[in-house]
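K.L.:
Return atomic coordinates for the entry below.
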Amino acid sequence: MTKGTKIILGAFLTLLFAALGADVALAQEHAAGGGGSSSMIALAAGIAIAGAAIGAALGQGRAVAAAMESIGRNPNAADRIQTPMILGLAFIEALAIYALVIAFLLQGKI
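P.N.:
I've put the predicted structure just below:
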């Protein structure tokens, strides 16, 4: 297992345990009449942005690395590789923006 994979796995497990523990921690507040759902919505919005940012960064990094390796092997094909790479990066970034919009919509419900 590489160092980057261990870091990502550790971050995922930390977020998972935080999400699972939040329900128990907020049970007292909810039972006392407080609105525990607003803090869960805030947690969901934060996890949505974090997950989208991590996923988009990893996807873009791998796409650009593969494109640069292909251009390095065949420099004459650079123009045929660059355009689909930029299009793919735009699609990856659009998914991250969708997560940001969802997070803003969730913040509006608090």
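K.L.:
for this structure, what spans make up the helices?
P.N.:
Using DSSP state H, the helices assigned to the chain run over residues 3-31, 36-73, 78-107.
K.L.:
got a list of what the residue lying closest to Leu100 once chain neighbours are set aside touches?
P.N.:
Excluding its sequence neighbours, the residue lying closest to Leu100 (Cβ to Cβ, 6 or more residues apart in numbering) is Ile49, at 6.2 Å. All C-beta spots, glycine's among them, are computed from the backbone N, C-alpha and C. The neighbours of Ile49, taking Cβ atoms under 8 Å, 6 or more residues apart in numbering as the test, are 99-100, 103.
K.L.:
Reformat the residues you listed into CSV and put pLDDT and distance to Gly88 next to each item.
P.N.:
Putting the contacts of Ile49 into CSV (pLDDT from 0 to 100; distance: Cβ to Cβ, whole Å) gives the following:
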residue, pLDDT, distance to Gly88
Ala99, 84, 18
Leu100, 84, 19
Ala103, 81, 24
